[in-house]
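Colleague: Give me the fold of what follows.
(chains A and B)
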There are 2 protein chains.
Amino acid sequence: MRLNIHRKGGQIGEKLERITSTGNKFIKEVRELEKKSRARRDSGLFIAEGERLCSEIPAEEIVRVFVTSDYKGRLPKGMVTDKDGHAAGTRSGKVPVFEVSSQVMEYMSDTKTSQGILAVVRQKHYSALSGDFFIILDTLQDPGNMGTVFRTAEAAGVDGIVMNRNCVDIYSPKVVRATMGAMFRMPFLICDDLSAEILRMKRHGVSVFAAHLKGNKNHWEFDYTGPTAFMIGNEGNGLSDEIASLADSYLRIPMKGETESLNAAVAATVLMYEAVRQRA
Amino acid sequence: MRLNIHRKGGQIGEKLERITSTGNKFIKEVRELEKKSRARRDSGLFIAEGERLCSEIPAEEIVRVFVTSDYKGRLPKGMVTDKDGHAAGTRSGKVPVFEVSSQVMEYMSDTKTSQGILAVVRQKHYSALSGDFFIILDTLQDPGNMGTVFRTAEAAGVDGIVMNRNCVDIYSPKVVRATMGAMFRMPFLICDDLSAEILRMKRHGVSVFAAHLKGNKNHWEFDYTGPTAFMIGNEGNGLSDEIASLADSYLRIPMKGETESLNAAVAATVLMYEAVRQRA
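Modeller: Modelled structure (predicted):
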């Protein structure tokens, strides 16, 4: 297969490197990055897989891309195809593209059915968040919930998400998939000391609200038109006492029936969209 | 193990029947009911597994219960334990309880780690729904979304859920788990002809709302204090044209960023809780 490609910053017209062995070092790296949070942390890299997700990666965050020879779907931003519609590098020429056999792609894939494209992506580290609408996550553990919070937060116009290190790894394959691309656009901070970050927000005039058993006013009875942050706690245990004690106000989301609690992402949705309503 | 039990409607004091073979007909039945929607439909039965879920099954819907010999958690409503705290039938004496070896329980379990209790449950069929707050589901496919909609609907005070046959099977193990017991309390109708059911609701004065691209008013600009139904569509394709055409009003849930759509359960949450707010 001869393509008009840029490989490792190389020249147009080079032959697309083809990987047919699962023993290849780049393939091994992908598996490590999928399986081990330690590998992701040490390297500052993670894996994004599938057409939709890969198409939303900002060009400057892509390290390398793997495609099967028959892949003709959407490519990461800034990537170009050859005349046959195959993946073929980027305009800036800085992203190496590898063609892999379908067996190698299946081996690399974290999903049952690979979509034929997978990328190694550079983690983006924000030093601080700005804006007036935030979500604070305390030990959120479920990958689906984390993804849904990111996706819903983007839709609701949230400016940033702060979380402690006990939250599920945002860079794990399941979370990356569940965010459906929102993680590439939503600023977030993973804090060694979440309390310190919350105190910093409060000093900057942000009002912090927590859904809590102590709350005796309904969630719509508070004013979210000023700088606002909502705390969301762990699926089983809710907010830790330490974090909850930092809230300015406790609210309650009314519940009928025998429901003991709402799903964490559902509770976050209720609060975010009440803020959307008030801010409109 | 001698227990004060009722077995197959039998006498107190009978020996608890112990199953140690995965070839046992009752164990085979459990696996069939877990795996095949056809088996569930033909028999009118389904499987509920785990302490929390089993503790919420209404007594009259239990067909039989399986426990491991060391199970000491919560039991289905109306079931009693012997002096050692083991599962031991019901007060009315109509539910057979089987003790199974931990190997057999692992074999029966649909989850990675069994909690030591599993029940065969009778499906409850509602002939009609009553009330003034409904959810209409058109081809909702994701088990987690279905479960979340049930759980959130109960919390929001929804009176009933109607859905078409193309929705994910409510009695599949994943959905049963995801409802966290709400399916035992929330009335629902699975309709061969969803359009006919919607038309019936409308004749009874229910206003039907759909989140739709055609909507040009925000979701909070409508009045949900009267009899109200919200339509929720398929995860990938939204509402079918046929169902959407039956809505009285199209609304839009405002979205920022590059989000193309909200998760179906998230959209349902936004609408249900706006109705909760208006009705308070």
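
Colleague: Quick check: residues of the stretch 51-200 of chain A near chain B?
Modeller: A:56, A:144, A:148, A:151-152, A:154-157, A:181-182, A:185-186 (Cβ under 8 Å from any Cβ of the partner chain). (Glycine included, C-beta is placed from N, CA and C.)

Colleague: Now list the buried members of those residues.
Modeller: A:E56, A:G144, A:T148, A:R151, A:T152, A:E154, A:A155, A:A156, A:G157, A:G181, A:A182, A:M186 (16 or more other Cβ atoms under 10 Å in any protein chain shown).

Colleague: rewinding a little: now the two most distant members of the residues of the stretch 51-200 of chain A next to chain B.
Modeller: Taking every pair in those and measuring Cβ to Cβ, the maximum separation is 22.1 Å, between A:G144 and A:G157.

Colleague: Just the buried residues of the helix or strand hosting A:V266, please?
Modeller: Assigned by DSSP states H and E, A:V266 belongs to helix A:264-279. Residues of helix A:264-279 classed as buried: A:264-277 (neighbour count, 16+ other Cβ under 10 Å).

Colleague: now it against helix B:264-279, angle please.
Modeller: Angle, helix A:264-279 to helix B:264-279, by axes from the mean of the first three to the mean of the last three Cα atoms, to 10 degrees: 50 degrees.

Colleague: in the stretch 1-150 of chain A, which spans are strands?
Modeller: Along the stretch 1-150 of chain A, the segments classed as strands by DSSP state E, counting those that start in this stretch run A:2-5, A:14-15, A:18-19, A:45-49, A:62-68, A:79-81, A:87-90, A:97-100, A:117-122, A:133-137.

Colleague: Helix or strand with the lowest mean pLDDT in chain A?
Modeller: Lowest on mean pLDDT, DSSP states H and E among the helices and strands of chain A sits strand A:2-5, with a mean of 39.

Colleague: How about residues contacting whatever helix or strand A:A196 lives in?
Modeller: Using DSSP H and E, A:A196 sits within helix A:194-203. Defining contact as Cβ atoms under 8 Å, 6 or more residues apart in numbering or on different chains, one finds that helix A:194-203 is touched by A:134, A:136, A:138, A:162-164, A:189, A:191, A:208, A:229, A:242-243, A:246, A:248.

Colleague: From the residues you listed, which land in helices?
Modeller: Within the contacts of helix A:194-203, residues falling in helices by DSSP state H are A:E242, A:I243.

Colleague: among the contacts of helix A:194-203, who's most crowded?
Modeller: When these are compared by neighbour count (other Cβ atoms under 10 Å in any protein chain shown), A:I136 ends up highest, at 28 neighbours.

Colleague: Excluding chain neighbours, what is closest to that residue?
Modeller: Counting by Cβ to Cβ, 6 or more residues apart in numbering or on different chains, A:M231 is the residue found nearest to A:I136 once chain neighbours are left out, at 4.6 Å.

Colleague: Tell me how many other residues crowd the one you found.
Modeller: 26.

Colleague: thought it was touching A:A247?
Modeller: Yes. Counting by Cβ atoms under 8 Å, A:M231 does reach A:A247; the two are 6.0 Å apart.

Colleague: which residues do these two both contact?
Modeller: The contact sets of A:M231 and A:A247 overlap at A:V208, A:F209, A:A210 (Cβ under 8 Å, 6+ apart).

Colleague: Which ones among the residues you listed map onto strands?
Modeller: Among the shared contacts of A:M231 and A:A247, the members found in strands (DSSP state E) are A:V208, A:F209, A:A210.

Colleague: got TSV for those, with distance to chain B and pLDDT too?
Modeller: TSV is the format used below for these (distance: Cβ to the nearest Cβ, whole Å; pLDDT from 0 to 100):
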residue	distance to chain B	pLDDT
A:V208	21	98
A:F209	15	98
A:A210	17	98
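
Colleague: Report whether the expected contact of A:V120 with A:C54 is present.
Modeller: No. The pair A:V120 and A:C54 does not pass the contact test of Cβ under 8 Å, sitting 10.8 Å apart.

Colleague: Among the two, which residue is more densely surrounded?
Modeller: Between A:V120 and A:C54, counting by other Cβ under 10 Å, A:C54 is the more crowded of the two (28 against 21).

Colleague: Who are the contact partners of A:L189?
Modeller: A:Y126, A:A128, A:L129, A:G160, A:I161, A:V162, A:M163, A:E197.

Colleague: Report the buried members of these.
Modeller: A:L129, A:G160, A:I161, A:V162, A:M163, A:E197.

Colleague: Now whichever residue of the stretch 1-150 of chain A sits closest to chain B: closest residue in space, sequence neighbours ignored.
Modeller: Nearest residue of the stretch 1-150 of chain A to chain B (Cβ to the nearest Cβ) works out as A:T148 at 5.6 Å. Distance criterion Cβ to Cβ, 6+ apart; nearest residue to A:T148, sequence neighbours excluded, is A:A265 at 4.0 Å.

Colleague: show me the contacts for that neighbour.
Modeller: A:G144, A:N145, A:T148, A:V149, A:T152, B:V266.

Colleague: Any idea which residue is closest to the centre of chain A?
Modeller: Nearest residue to the geometric centre of chain A (Cα atoms, centre = their mean): A:M183, 3.1 Å.

Colleague: so that residue sits right up against A:V176, yeah?
Modeller: Yes. With contacts counted by Cβ under 8 Å, A:M183 reaches A:V176, the gap being 6.6 Å.

Colleague: where do the contact lists of the two overlap?
Modeller: A:I170.

Colleague: that older thread, which one of the strands of the stretch 1-150 of chain A lies closest to B:K217?
Modeller: Nearest to B:K217 among these is strand A:133-137; the distance by Cβ to Cβ comes to 23.0 Å.

Colleague: Does anything pack onto that closest one? Which helices or strands?
Modeller: Using 3 or more Cβ pairs under 8 Å, 6 or more residues apart in numbering or on different chains; DSSP states H and E, the elements in contact with strand A:133-137 are helix A:143-156, strand A:160-164, helix A:194-203, strand A:228-232, helix A:264-279.

Colleague: Format the contacts of A:A265 as JSON lines; extra columns: distance to A:S43 and pLDDT.
Modeller: Putting the contacts of A:A265 into JSON lines (distance: Cβ to Cβ, whole Å; pLDDT from 0 to 100) gives the following:
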{"residue": "A:G144", "distance to A:S43": "25", "pLDDT": "95"}
{"residue": "A:N145", "distance to A:S43": "26", "pLDDT": "97"}
{"residue": "A:T148", "distance to A:S43": "27", "pLDDT": "97"}
{"residue": "A:V149", "distance to A:S43": "25", "pLDDT": "98"}
{"residue": "A:T152", "distance to A:S43": "29", "pLDDT": "98"}
{"residue": "B:V266", "distance to A:S43": "33", "pLDDT": "98"}
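
Colleague: nearest to B:F222, of the residues you listed?
Modeller: B:V266 (18.6 Å).

Colleague: right, and the closest one touches A:T269 too?
Modeller: Yes. Taking contacts as Cβ under 8 Å, B:V266 lies within contact range of A:T269: 5.0 Å.

Colleague: ok, the residue nearest to A:A275 when sequence neighbours are not counted - contacts?
Modeller: Spatial nearest neighbour of A:A275, excluding adjacent residues (Cβ to Cβ, 6+ apart): A:Y224 at 3.9 Å. By Cβ under 8 Å, 6+ apart, the residues touching A:Y224 are A:F209, A:E274, A:A275, A:Q278, A:R279.

Colleague: Now do A:Y224 against chain B, distance only.
Modeller: With the distance defined as Cβ to the nearest Cβ, to the nearest Å, A:Y224 ends up 13 Å from chain B.

Colleague: Okay, and that residue sits in which element?
Modeller: Using DSSP H and E, A:Y224 falls within no helix or strand.

Colleague: And it, how far from A:I243?
Modeller: 19 Å (Cβ to Cβ, to the nearest Å).
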